[in-house]
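> need the 3D shape of this:
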Amino acid sequence: MMEGPGLPRDRYYLIYQEAREDECLLTIQPYAEEQALAEALSELKSQQITDYTIIKGQKLKATLRVTVDLTEDEAEEAKAES
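Coordinates of the predicted model:
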């Protein structure tokens, strides 16, 4: 696509997930410059995050749907009652 005054520029959207013991974080980060994206990918590599998605586009609309089912751990509940 041609760029020029008044024309929207393509952006890169980096999508990745970080998981820890007590949380899971999904990040969607836009980048206008390829150099900044390359630096972000290098940082992910240093954090040993190897699964990610890159989308190139002008403007994106996102919908996030999350379902979480939590149940009590019966063994932990029994310990607490003892």
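
> where's the residue nearest to the spatial centre of the chain relative to Glu72, distance?
With distances taken as Cα atoms, centre = their mean, the chain has Thr27 as the residue nearest its mean C-alpha position (2.4 Å). Per Cβ to Cβ, to the nearest Å, Thr27 is found 30 Å from Glu72. Yep, even glycine has a C-beta here, placed from its N, CA and C like the rest.

> how many neighbours does Ala19 have?
10 (other Cβ atoms under 10 Å).

> likewise Ile28?
For Ile28, using other Cβ under 10 Å, the count is 13.

> in what helix or strand does it lie?
Per DSSP states H and E, Ile28 falls inside strand 24-31.

> Tyr13 against Gln29, yeah?
Yes. Using Cβ atoms under 8 Å, Tyr13 is in contact with Gln29, at 7.1 Å.

> who's more crowded, these two?
Taking neighbours as other Cβ under 10 Å, Tyr13 and Gln29 compare with Tyr13 leading, 16 against 12.

> OK, contacts around the more buried one?
The contact partners of Tyr13, by Cβ atoms under 8 Å, 6 or more residues apart in numbering, come to 28-31, 54-57, 60.
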